[in-house]
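Enquirer: Structure, please.
(4 chains)
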Amino acid sequence: MNFGLSEEQELLQQTIDQFLANECPPARLHEIFDGEEALDAELWRGLMELGLGGLAISESHGGAGLEMVDLALACEVLGRHAAPGPYLGHALAGVAIELGGSDAQKERWLPRLAAGDALATLAFAEPGGIWDPSQWRAAVRDGRVDGVKEHVLGGSAADLWIVGCAGGDLALVERGAEGAALEPFDGLDRSRRLDRLALAGTPCELLERGAAAAQRVRDAALCLLSADAFGGASRSLEMAVEFAQQREQFGVTIAHFQAVKHQLADLASEVEPARALFWYAAHAWDARPEQSERAAALAKAHVAERFVHAAYETAEIFGGIGVTWEGDIQIWLKRALFDRVYFGDTESHRERAARLADW
Amino acid sequence: MNFGLSEEQELLQQTIDQFLANECPPARLHEIFDGEEALDAELWRGLMELGLGGLAISESHGGAGLEMVDLALACEVLGRHAAPGPYLGHALAGVAIELGGSDAQKERWLPRLAAGDALATLAFAEPGGIWDPSQWRAAVRDGRVDGVKEHVLGGSAADLWIVGCAGGDLALVERGAEGAALEPFDGLDRSRRLDRLALAGTPCELLERGAAAAQRVRDAALCLLSADAFGGASRSLEMAVEFAQQREQFGVTIAHFQAVKHQLADLASEVEPARALFWYAAHAWDARPEQSERAAALAKAHVAERFVHAAYETAEIFGGIGVTWEGDIQIWLKRALFDRVYFGDTESHRERAARLADW
Amino acid sequence: MDLRYGPEYERFRQEVREFLAETWPLSGEEAKLERVQQSARFRKRAIARGYLARAVPRAYGGSEQPPDVLRASIIREEFARAGAPLDVGAPAAQLIPTLVAHGTEEQKRAYLPGTVTGELLWCQGYSEPGAGSDLASVQTRAELVDGEWVIHGQKIWTSYAHWAEMIYMLVRTEPAAAGKHAGLSYLLVDMQQPGIDVRPLKSLNGDSHFNEVFFDGARAPADRIVGRRGQGWNVSRSTLQAERNAVATADTTLKQFSELLELAKSTRRNGRPAIEDPAVRQRLVEIEGYVTSHEYSSHRQLTCAARGESPGLIGTMNKLVGTDIATRMARLGLEISAEGALDAPYHHAEMLTGGSGEANPVARFLHSLSIRAGGGTSNIQRNIIGERGLGLPRDFAVQKRKAPA
Amino acid sequence: MDLRYGPEYERFRQEVREFLAETWPLSGEEAKLERVQQSARFRKRAIARGYLARAVPRAYGGSEQPPDVLRASIIREEFARAGAPLDVGAPAAQLIPTLVAHGTEEQKRAYLPGTVTGELLWCQGYSEPGAGSDLASVQTRAELVDGEWVIHGQKIWTSYAHWAEMIYMLVRTEPAAAGKHAGLSYLLVDMQQPGIDVRPLKSLNGDSHFNEVFFDGARAPADRIVGRRGQGWNVSRSTLQAERNAVATADTTLKQFSELLELAKSTRRNGRPAIEDPAVRQRLVEIEGYVTSHEYSSHRQLTCAARGESPGLIGTMNKLVGTDIATRMARLGLEISAEGALDAPYHHAEMLTGGSGEANPVARFLHSLSIRAGGGTSNIQRNIIGERGLGLPRDFAVQKRKAPA
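Expert: Purely as a prediction, here's the structure:
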């Protein structure tokens, strides 16, 4: 029985935390958030140099061979810093190829993903909020795919898209492939840029066992989103606590007001227990596959809601500065709204969780 | 435009309030609550002597000829004091006969109801939580009725039951009629005793226009329950405020703690606006019949929820004494739970309100 | 109890309708004027009929009508229905009663006529960085130099500062006075001068409806003080008092609820309109309970105002109740819109603060925070309800402040 | 990360299971004994095996085992599964570490052996009328008269006082001491004596699980003080500290959630099981999110305890989180039960406080208030989380108290 982090895991988190504290402090985050660039190449390079590209990629393919728990812990730190960029898509693309790729596909792509030489991402969603592999309509025939994929994270920066296809298949489509058209999406959370990807007779290569992998990849996405949301929620709480201890009104810091103190205590009791929930979802993905699908749905729904709540309450505690664009919390609030609906919203995952329990 | 009380209405409320403060202070209330008597005859007589029996009965039949708003204002005060007894049933029986009775039926019953010489009540509910007139199953044939009615308020004390029958009809059944069997119900809210009434070939007399009246009587019940709930909720809030101003901890009254003050402020903003909602529902019953059904459903659902919330929060503010039988608030809390489900629960009325708006 | 206005008032309503039918919108050449000019011309005609600026004396451009909340309410209803300009809103609306009560004859003649028509645009300089709910902690100072006030300091959350001609503001004129409420003065200052720098603040919704205003040697003539020097706190309080006594309306809440309903009808979830989802229906009716309670409570308050009675407890809670309902509605709107939350709502935001256009549920959700932040936080409102409404004692923290330092 | 216990511990679990299979329930003549006696006999055997009273020295009837939270957790799981008596619960559970730490040799020998087996029944005399969360405001006084403590005063919310043989209590022995924490002593008193009157308090659910205890000249020998005279506050605090450091479990929460689920499956609404109602499903899964967070957080805390690390923030919030989840569940249960709320739940109430029987959602709802009221109100919990967990400053009101009067 060991439901805690190892020293290596703590070190991993500290390393990423330190990197982001140095390379992506709030001022830099605002620049990227406001900027026109689809990808901040420097920050991306830095993350890749840390080895984040191959965290869960097997060692034989140049990765660190770690587990979903470790990937989730990394995503927690990214969420803490509201780190911009398509890391979620890249990490999940690696998972997809690990799970579904042939040896040749793995050898071709995983080392490049691990090293950060290629950026990959998932193209799962279809118009109408369709995230579930069983409902995909993009059609593959004779090695060519037709369809429209939405909300592709870092779509325009990616070298490789893993495209969800009818029957739950997964197809590899490379940048520059014939008939693939990208359209940038004007999104709420500018730290995670999305694109629409239209495919018309585009050459593609099916993953060998994509259909078997797709649901697992979706579950992994839910684990990582809940980790991101936990990181964001706990950082929101910290920001609120720091603000309350520093902001003075009526001659004392507002932390002296019992009403504020109790709001913070309530917020803490909403947020902190959720840490164990995302840990468990990731651990179940690694070690308890029979519980994984439901645990991931439950964690995503619960933790994302806590993040929205925490960011909203924190913004309110901030008062005026909480409702400005130049304030920091707006970025976390928008990240929370993104996490709440990306890969399916809270209500749909709760209904799935009920069905998966045969309720 | 006059959405306020008249001097007469304020006087009516003061009169009842004064009477109950004298005749039914908490000590007396606890006695009745704990006692075995189905009806406290003395308190009932007192209410009748105040003229409450005929508040909404026409003057030509010995009543005061007032409106539903006035009846609701009276019920608000009864709710404030958690007044024990079947007043709700008696008042609604009067409304039913006024609306649905023939001249002869009115002449026979209304003067006795107004004077308090006879106690009448409604027997509407059927097993399975069926309150809606359109779903009643009690069958009338050849002047005899067969069926089972539940949750009859003051059933064993009543001289007359107005029994809801198939087709939404209303039948008069008198105490002692052949085949009518009463069984006391062991209820949560001991201030309002309920009975089960089984009718087997029991002689009855249909109200002349009962089928037309039944829905209106149900709407009236919802108005009066929301008034009762508002009275109970606002009294709960007052109890909490009084307690906070008097209870000392750490050397000061707990009202000095900002957390407590804000809980009370939040509670007040939950409760106080609901006053206008029950006024409106009663006023709509009197003057805006086309809006009455929906307004009554909305008010019942909303105000009863506020009452449950207010009584629960107040009990929590009371701490230890709030969870004892000898404390006062337990009686209001149970009254709140009664009001929440009597004549249908919150969820069913909300769904009705949605349907009535064609949503 | 009667929600009708009665025959006398219905005749008045008819009269207002006829006036509006003739007068608004403007026609011919006037219809080509800028919106501000059109509104000003229309307001002059409405004032002449006694419909607007009712509490302002005729001598200063008002219509000087006896108080009548029912007429006022009919005017508000009918003008809103016709889309016609009402009395000028905040921040000028707060200045007007202050000037009427405390202004000098010269000030009233100089400023009121243009202010009531909306030709003279104002902004309000109360809030300062770091002050938040503690409005009295004003740092901006004004010194009398050669017969002119010279102003240094900074104001924040100043709506309309980028297009206002003048600002009314609290400045510290007697820095030696004991206690932070003492030593403030209420000053009227021209915005178009070298010592003033306005920097827009972008809201989290992407729109810019408030500003920072920097004063670096800005000047105002000595006679621009309203009320007595050093008495600015009380002068500004009387403004807030007037604001608090104004009858609250549930108009905004009702409008937002109907938008939410529309959203629930028009958004499809799981292959059917969201409004057919039992969970959504329950929540909508739950919210409607709050909305209609708020609506009828405003009728109650209107009746109290007409009778000259205090509305009691309910009068202290309009702001908190209104913002809480707004958050509930915003929250449900967000849920109904589901994936819509990925979409940038920034181009929809302006309409929430006066512009037109379709309501976007995400912009609405983000904007609900601005509503909560503006005009006193929810915690301040809870203090007001607790202390003024329920008669509870003041906080220790605030008591501590009040003790002599 | 691994939720399995590992081979060494699984062997231990097996050993525990075998012991239980042989030992519980009692058989033969022993099975006819009263429950208390059966439990005592069983506990003696379990102590002999090192399964219970693990922190109590052998000299005083314990098994004196090295701390091992995983073994402790396995013991708890397996004993609970077998329905076997665990270590004695509150209030004796709080006395035991206090006696071990502060008792005299005589006290330990006299009281610990009977206490750990459950033969010697205790109640706790901390709370007094009007004290509420302010535990130190003890009024009950004890005076030394002819070598005996003579006690006058009143305690309240005293669970089990009607069947306890002894009470451990806080009494004021030095009324002249400065500050209300000073001058208290921690005293052990026989319950069966003329100067003590126990009156049961009925809960709002109709059951009686706590009492008022009146002391009117009750006596205790001079050597019944635990720790030093006048140091009772610190002695009792060490007890509370031990209690706080105990690993929280989510057992109760999980049990209640499965009851709620069962209720949703077995209750019909609108002609179908309530659990098929989309609104109910959403709320159930929402609550399950809280329940499982709480459950896995207890695994986290167990791991921290095993490593000898502090659990941090989460360690301060078990009570608040647990009670809030209980209220959420109780509230949904109430809604599902609909008309069931008219029914008297009084005959179901006992099982909530130790008896057996089917859970009634209305009794559960009412009982959720008792959970909230017991062991420190939610506001006290929020202070603890805010101050100890988040490092926020203390309240003014409490600071005021701490100033010398």
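Enquirer: Now do the longest strand along chain C, average pLDDT.
Expert: Longest strand in chain C, counting residues (DSSP state E): strand C:210-221. For strand C:210-221, the mean per-residue pLDDT is 95.
Enquirer: Could you export that strand as PDB, CA atoms only?
Expert: Output of strand C:210-221 as PDB, limited to C-alpha atoms (Å, rounded to 0.1, in the frame of the first residue of the first chain):
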ATOM      1  CA  PHE C 210     -13.300  51.100 -17.400                       C
ATOM      2  CA  ASN C 211     -10.000  52.900 -17.000                       C
ATOM      3  CA  GLU C 212      -7.200  54.000 -14.900                       C
ATOM      4  CA  VAL C 213      -6.900  57.800 -14.600                       C
ATOM      5  CA  PHE C 214      -3.600  59.300 -13.700                       C
ATOM      6  CA  PHE C 215      -3.400  62.900 -12.300                       C
ATOM      7  CA  ASP C 216      -0.100  64.600 -12.500                       C
ATOM      8  CA  GLY C 217      -0.600  68.300 -11.800                       C
ATOM      9  CA  ALA C 218      -4.100  68.400 -13.200                       C
ATOM     10  CA  ARG C 219      -5.800  71.600 -12.300                       C
ATOM     11  CA  ALA C 220      -9.300  72.900 -11.200                       C
ATOM     12  CA  PRO C 221     -10.400  76.300 -10.200                       C
END
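Enquirer: ok, it: who's next to it in the sheet?
Expert: Looking at strand C:210-221 with DSSP bridges, its partner strands are strand C:148-155 (antiparallel), strand C:196-201 (antiparallel).
Enquirer: Between these, which one is closest to A:Val241.
Expert: strand C:196-201 (24.8 Å; Cβ to Cβ). Quick note: C-beta positions are derived from backbone N, CA and C, even for glycine.
Enquirer: Pull out the buried positions in that closest one.
Expert: C:196, C:198, C:201 (16 or more other Cβ atoms under 10 Å in any protein chain shown).
Enquirer: before we move on, what about stretch C:89-101?
Expert: Neighbour-count burial for stretch C:89-101, counted by 16+ other Cβ under 10 Å, picks out C:91-100.
Enquirer: Please enumerate residues in contact with it?
Expert: C:53, C:55-57, C:60, C:87-88, C:107-108, C:111-112, C:115-116, C:118, C:120-124, C:159-160, C:168, C:186, C:226, C:235-236, C:238-240, C:242-243 (Cβ atoms under 8 Å, 6 or more residues apart in numbering or on different chains).
Enquirer: For the buried ones among these, write the corresponding PyMOL selection.
Expert: A single PyMOL command selects the buried members of the contacts of stretch C:89-101 (16+ other Cβ under 10 Å):
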select buried, chain C and resi 53+55+56+60+87+88+107+108+111+112+115+116+118+120+121+122+123+124+159+160+168+186+226+235+236+238+239+242
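Enquirer: Nearest spatial neighbour of A:Gly101, chain-adjacent residues omitted?
Expert: A:Leu207 (5.3 Å; Cβ to Cβ, 6 or more residues apart in numbering or on different chains).
Enquirer: Tell me, how many residues neighbour the one you found?
Expert: Close neighbours of A:Leu207, defined as other Cβ atoms under 10 Å in any protein chain shown, add up to 25.
Enquirer: what does C:Glu30 give?
Expert: 12.
Enquirer: Report the contact partners of it.
Expert: Per Cβ under 8 Å, 6+ apart, neighbours of C:Glu30: C:38, C:41.
Enquirer: Can you tell me the SS state at it?
Expert: For C:Glu30, the assignment made with DSSP: H, G, I helix; E, B strand; the rest coil gives helix.
Enquirer: Flag every buried residue along stretch C:137-147.
Expert: Under 16+ other Cβ under 10 Å, the buried positions of stretch C:137-147 are C:137-138, C:140-142.
Enquirer: just to revisit the earlier point, out of the buried residues of strand C:196-201, the closest to chain D would be?
Expert: Proximity of those to chain D (Cβ to the nearest Cβ) peaks at C:Leu201, which lies at 29.2 Å.
Enquirer: That closest one bridge partners, please.
Expert: Counting by DSSP bridges, the residues bridging with C:Leu201 are C:Phe210.
Enquirer: I figured it hits A:Val323, correct?
Expert: No: C:Leu201 is not in contact with A:Val323 according to Cβ atoms under 8 Å; the separation is 9.3 Å.
Enquirer: what's the neighbour count on the residue in the stretch 101-250 of chain A that chain B sits nearest to?
Expert: Here the residue of the stretch 101-250 of chain A nearest chain B is A:Phe250; by Cβ to the nearest Cβ that distance is 11.9 Å. A:Phe250: 20 surrounding residues under other Cβ under 10 Å.
Enquirer: Please apply the same query to C:Asp223.
Expert: C:Asp223 has 12 nearby residues by other Cβ under 10 Å.
Enquirer: Next, the buried residues of stretch A:147-159.
Expert: For stretch A:147-159, using 16+ other Cβ under 10 Å, the buried residues are A:147-158.
Enquirer: quick check: longest helix of chain C.
Expert: Across chain C, the longest stretch assigned as helix under DSSP state H is helix C:278-307.
Enquirer: close to chain D, is it?
Expert: Yes: under the criterion of Cβ under 8 Å from any Cβ of the partner chain, chain D is reached by helix C:278-307 at C:278-279, C:282.
Enquirer: what angle sits between that helix and helix D:278-307?
Expert: 100 degrees (axes from the mean of the first three to the mean of the last three Cα atoms, to 10 degrees).
Enquirer: any idea whether A:Gly65 is helix, strand or coil?
Expert: coil.
Enquirer: Over to it: give its phi and psi.
Expert: phi 70, psi 30 (degrees, to the nearest 10).
Enquirer: if we take the residues of helix C:278-307 next to chain D, which one ends up nearest to chain D?
Expert: So of the residues of helix C:278-307 next to chain D, ranked by how close each gets to chain D (Cβ to the nearest Cβ), first place is C:Ala279, at 4.0 Å.
Enquirer: Let me see the contact set for the closest one.
Expert: So C:Ala279 contacts A:347, D:278-279, D:282 (Cβ under 8 Å, 6+ apart).
Enquirer: Of those residues, which is the most crowded?
Expert: Ranked by neighbour count (other Cβ under 10 Å), the contacts of C:Ala279 have A:Glu347 at the top, with 24 neighbours.
Enquirer: Thanks again, I'm all set now.
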